[in-house]
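Participant: Let's see this in three dimensions:
(one chain, ligands or ions: 2)
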Amino acid sequence: MKVHYKNGIHIEFNDGKRLLVDPLAVPKYNPDLILLTHAHADHAKGIKDIDDLDEFDMVMSEQTYGIKNRSIKHLRRILYPPIKRNGFTVTAYPSGHCLGSVQFKVNYDDKDIIFTGDFNVNGTLLEPKPQQLQGDILVTEANFGHPFFTFKPRFSVLGDIVDWVTKYKDKIKIMFMTGLGKAQELTQLFTQSELDQEIWVHSWYWYNNKIFEKYGGRLGRYEKLDKYSDISEGSIVIHPPLDRVDHFHGSKKEMRSMLDLDTDPMIAYVSGWAKWYHHEGAFPLSSHSDYVELMRYAVKSKARKIYTFHGFAERLANDLRERFGLETTHLTTDNYPDFITDLDGRMDQIKRARQLH
Ligand SMILES: [Zn+2]
Ligand SMILES: [Zn+2]
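Facilitator: Ligands and ions are numbered 1, 2, ... in the order given. Now for the predicted structure:
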């Protein structure tokens with residue numbers, strides 16, 4: 001069996017059968033099956049172009065289809081797990097990452113292969129804790145596969161966030177986060193915390209909130225942000241991050257002019273990557289497993305062979321090999337931005353950005 005990464009994870013079995021997971025582009029061959037773990041762009045970017053070809057069978061959860069269906073036309077090509085097709089038996093399990101996210105267990109030729117997709121062993125306020133799967137081969141994400149990324153318990157970070165919005169209850173609070181997963185979790189956190197503050201969800205994220213509710217989730221009462229001038233003092237704004245390395249320095253000024261405010265708004269960055277910052281408003285709340293959790297999951301999977309991808313794939317593969325004697329290979333994800341795993345370079349960039357402001 002051969003595994004490599006090029007705009008997705010490609011598996012070629014000894015008999016020539018081929019499986020493609022999380023495609024970012026149209027493959028140059030005919031895969032026997034395509035799997036999609038979840039709707040985030042770094043896993044699903046190729047879905048629309050593949051769908052236009054109308055040639056391949058794609059497996060994804062019903063919720064992932066619900067999020068993606070604006071770009072999917074050929075419904076008969078979409079299969080919901082569990083399914084049997086072309087000799088593959090595919091089962092899906094929640095992965096605790098965002099609406100619709102799953103881990104796949106694929107049985108083929110008497111072997112179980114596990115694809116974690118992005119996963120968070122703790123679950124979130126909205127997503128259940130995922131199950132520990134076991135199999136012969138594990139293909140795992142390694143987003144935070146570096147000991148620098150060890151997170152406080154989720155409820156403690158959620159508590160910090162509620163304390164912070166309460167402390168600045170009279171100010172406008174702009175909170176940068178991702179739109180599928182974190183945005184729904186924080187919407188619910190705020191609507192359920194009886195804060196007596198208006199909650200605004202950026203129009204880009206509104207759609208995801210509505211899809212989440214369509215599948216039975218309850219997010220409470222919040223407003224759709226179309227015009228910044230609608231926001232009043234004391235509001236909480238769930239907002240996409242600005243396109244920059246440093247989410248704090250300069251953001252206040254930029255948001256202040258975008259919102260046409262007389263005073264600076266408060267800024268928060270809610271992401272596992274907030275570990276980079278020691279800034280008030282940096283909340284390392286992640287929808288991924290941290291380093292220790294990734295290591296533990298890999299060991300407990302009992303897999304004979306482990307492949308790592310994304311983030312600190314090389315570090316995680318090395319540590320699993322050196323500490324547990326496991327057979328590991330890291331998959332080079334050529335399209336993953338280098339700066340993410342360049343710890344020193346990243347710190348330098350943040351320092352430099354700080355000096356500029
Ligand atoms: Zn993801
Ligand atoms: Zn990802």
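
Participant: Strands of the stretch 251-357 of the chain, residue ranges please.
Facilitator: For the stretch 251-357 of the chain, applying DSSP state E, counting those that start in this stretch gives strands covering 266-270, 282-283, 305-309, 327-330.

Participant: Which stretch among those strands approaches ligand 1 most closely?
Facilitator: Ranking the strands of the stretch 251-357 of the chain by proximity to ligand 1 (Cβ to the ion) places strand 305-309 first, at 12.2 Å. Heads up, the C-betas are built off the backbone N, CA and C, glycines and all.

Participant: Neighbours of whichever residue of the stretch 251-357 of the chain sits closest to ligand 1, how many?
Facilitator: Nearest residue of the stretch 251-357 of the chain to ligand 1: Ser287, at 6.9 Å (Cβ to the ion). Using other Cβ atoms under 10 Å, Ser287 has 28 other residues around it.

Participant: Next, the contact list for it, please.
Facilitator: When contacts are counted by Cβ atoms under 8 Å, 6 or more residues apart in numbering, Ser287 touches 96-98, 118, 120, 124, 178, 181-182, 272.

Participant: for Asn14, same thing?
Facilitator: Under the criterion of Cβ under 8 Å, 6+ apart, the contact list for Asn14 reads 1, 109.

Participant: Look up how far Met1 lies from it.
Facilitator: Distance from Asn14 to Met1, counting by Cβ to Cβ, to the nearest Å: 6 Å.

Participant: swap in His330?
Facilitator: His330 is 17 Å from Met1, where distance means Cβ to Cβ.

Participant: Would you check that Lys253 makes contact with Thr263?
Facilitator: No - using Cβ atoms under 8 Å, Lys253 is not in contact with Thr263, being 11.6 Å away.

Participant: if we can go back for a sec, out of the strands of the stretch 251-357 of the chain, nearest to Leu219?
Facilitator: Proximity to Leu219 (Cβ to Cβ) singles out strand 266-270 among the strands of the stretch 251-357 of the chain, at 16.1 Å.

Participant: tell me how far the closest one is from the chain's mean position?
Facilitator: 18 Å (Cα atoms, centre = their mean, to the nearest Å).

Participant: And the pLDDT for the single nearest residue of the stretch 51-200 of the chain relative to ligand 1?
Facilitator: Nearest residue of the stretch 51-200 of the chain to ligand 1 (Cβ to the ion) works out as Asp118 at 3.6 Å. Looking at Asp118, its pLDDT reads 98.

Participant: Next up, the contacts around Leu79.
Facilitator: 57-60, 85.

Participant: beta partners of the nearest residue to Phe56 once chain neighbours are set aside?
Facilitator: Leaving aside its sequence neighbours, Phe56 sits nearest to Ile34 (Cβ to Cβ, 6 or more residues apart in numbering; 5.2 Å). Beta bridges link Ile34 to Leu20, Met58, judged by DSSP bridges.

Participant: Next one: Ile34 from Asp230, what distance?
Facilitator: For Ile34, the distance to Asp230 - Cβ to Cβ - is 42 Å.

Participant: More neighbours: these two, which one.
Facilitator: Neighbours per residue (other Cβ under 10 Å) separate Ile34 from Asp230, with Ile34 holding more: 23 against 12.

Participant: Make sure that one is actually in contact with Leu53.
Facilitator: No - Ile34 is not in contact with Leu53 according to Cβ under 8 Å; the separation is 11.0 Å.

Participant: could you pull out the helices for this structure?
Facilitator: Counting by DSSP state H, one finds helices in the chain at the ranges 41-44, 47-53, 62-68, 154-167, 182-192, 203-214, 251-259, 291-300, 313-324, 343-356.

Participant: between these, which gets nearest to Thr89?
Facilitator: Nearest to Thr89, of the helices of the chain and by Cβ to Cβ, is helix 62-68 at 18.7 Å.

Participant: Output the below-cut-off pLDDT ranges for the stretch 201-350 of the chain.
Facilitator: Low-confidence segments of the stretch 201-350 of the chain (pLDDT under 70): 245, 334-350.

Participant: What residues does Phe248 make contact with?
Facilitator: By Cβ under 8 Å, 6+ apart, the contact set of Phe248 is 267, 269, 277, 279, 281-282.

Participant: Would you reformat the strands of the stretch 251-357 of the chain as CSV and include mean neighbour count and distance to Leu75?
Facilitator: As requested, those are exported to CSV (neighbours: other Cβ atoms under 10 Å; distance: least, Cβ to Cβ, whole Å):
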stretch, mean neighbour count, distance to Leu75
strand 266-270, 24, 35
strand 282-283, 22, 39
strand 305-309, 23, 29
strand 327-330, 19, 36
